[in-house]
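**Student:** Next one to model:
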Amino acid sequence: MSAPKVSLEQWRILHSIINEGGFARAAKALNKSQSAISYAIARMQEQLGFEILAINGRKAELTEAGRLLLRRSKILLDEAECLEAAAGALHKGWEATITIASEALFPPHLLMKALDRLGQEAPHTRIEIIESVMSGTEDLISQRKVDIAICGHPPAGYIGVPLLDMEFDIVTAPTHPLAQSMEPVSFHQLAQFRQIIIRDSGENRRGIAGWQKAEKRWTFSNFSTAREALKQGYGFSWTPVSLMEGDIETGKLVRLKMATLTKKRIHLNLVYPDFDTAGPATRKLGEILLDIVAQHHR
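**Tutor:** Numbers count the residues shown, from 1 in each chain. Take a look at the predicted model:
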């Protein structure tokens, strides 16, 4: 591929002439002499082999070809500015990429808010999100495959910063036979129906969340599919209430009336696999997550 004939500086001069309304104003805006501006455009037209500016009286106007090149070159200049901004961010120490393991229990809308706020401060840092379940999150921390993690139980040797408590309860569709019962449901009755379960994403699948004694089971890898199965009345699930709030409020799902206490809580923690080597964007994301959750509590 041959080298470009026209430099970025020449394209920048052309844009300044059009935006400022003439050679003199462009020279002042760019802190250059008017002769330097004129030479750059003359050289540019010579390199391209056709005119891009035509002088009409005392005003320089774009030719048809010039208008086309002006539009195309704006993309080029914007990309160059983004490239320099990214280089500047890297020079400051912002990471190019952050990988976060987010326990599937953590409310997605809170995570999205945190990532959006980070994007305003570190716009050139890419985020890779691994949605993990139970021991899968612990494995990612232990193997140091992520920069930061939200997990239920930090692996041995790791300290977690308390983040959020998740309340669990047993839910199903209002059309499900268990929801139609006039009397509180016993665990013996519960075992006669299909249970909807989210699979532990760990290598050895060590995690067991809640009661799992139903003989009939459907096991899914993510909450969205499991939620659909619940709404369709295919079974019941011991599930985090916050992830089902919208469906419970609209009546698509109901909490079962149980004969014994079924509510429980799981504490979610913020964990840095290696805080000493965490970059500024990773640490900033941790601060933002804590702030977002604090606002959520308030």
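
**Student:** just the strands in the stretch 1-150 of the chain please.
**Tutor:** For the stretch 1-150 of the chain, the strands defined by DSSP state E, counting those that start in this stretch occupy 53-56, 59-62, 97-103, 126-132, 148-151.

**Student:** Same list (those strands) but as JSON lines, adding mean neighbour count.
**Tutor:** Just so you know, the C-beta spots here come from the backbone N, C-alpha and C atoms, and that holds for glycine as well. Shown next, in JSON lines, are the strands of the stretch 1-150 of the chain (neighbours: other C-beta atoms under 10 Å):
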{"stretch": "strand 53-56", "mean neighbour count": "12"}
{"stretch": "strand 59-62", "mean neighbour count": "15"}
{"stretch": "strand 97-103", "mean neighbour count": "21"}
{"stretch": "strand 126-132", "mean neighbour count": "16"}
{"stretch": "strand 148-151", "mean neighbour count": "26"}
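
**Student:** In TSV, list those along with distance to residue 178 and mean pLDDT.
**Tutor:** Listed next are those as TSV, based on distance: least, C-beta to C-beta, whole Å; pLDDT from 0 to 100:
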stretch	distance to residue 178	mean pLDDT
strand 53-56	78	80
strand 59-62	73	82
strand 97-103	28	92
strand 126-132	29	91
strand 148-151	31	93
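
**Student:** For residue 37, find the nearest of those strands.
**Tutor:** Nearest to residue 37, of all the strands of the stretch 1-150 of the chain, is strand 59-62, at 10.2 Å by C-beta to C-beta.

**Student:** Low-confidence ranges, the stretch 51-200 of the chain, go.
**Tutor:** Applying pLDDT under 70 to the stretch 51-200 of the chain flags the ranges 89-90, 92.

**Student:** Which elements pack onto the longest helix along the chain?
**Tutor:** With secondary structure taken from DSSP state H, the chain has its longest helix at helix 64-92. For helix 64-92, the packing partners by 3 or more C-beta pairs under 8 Å, 6 or more residues apart in numbering; DSSP states H and E come out as helix 8-20.

**Student:** Residue ranges of each domain in this protein, please.
**Tutor:** 8-91, 97-158+272-297, 163-267 (automatic domain parsing).

**Student:** Would you verify that residue 168 is located in a strand?
**Tutor:** Yes: the assignment for residue 168 by DSSP: H, G, I helix; E, B strand; the rest coil puts it in a strand.

**Student:** can I assume it is in contact with residue 240?
**Tutor:** Yes: with contact defined as C-beta atoms under 8 Å, residue 168 reaches residue 240; the gap is 5.7 Å.

**Student:** The two: who's more crowded?
**Tutor:** residue 240 (24 against 20; other C-beta atoms under 10 Å).

**Student:** For that one, list the residues it contacts.
**Tutor:** 105, 166, 167, 168, 266 (C-beta atoms under 8 Å, 6 or more residues apart in numbering).

**Student:** Of those residues - the most surrounded one?
**Tutor:** Neighbour-wise, these (other C-beta under 10 Å) top out at residue 105, 23 neighbours.

**Student:** I figured it hits residue 244, correct?
**Tutor:** No: counting by C-beta under 8 Å, residue 105 does not reach residue 244; the two are 11.5 Å apart.

**Student:** picking up where we left off before, for residue 168 and residue 240, list the residues in contact with both.
**Tutor:** Shared contacts of residue 168 and residue 240, counting by C-beta under 8 Å, 6+ apart, come down to residue 266.

**Student:** The residue of the chain positioned farthest from its centre and residue 15, how far apart?
**Tutor:** Distance to the chain centre peaks in the chain at residue 57, reaching 53.7 Å (criterion: C-alpha atoms, centre = their mean). Using C-beta to C-beta, to the nearest Å, residue 57 is found at 22 Å from residue 15.
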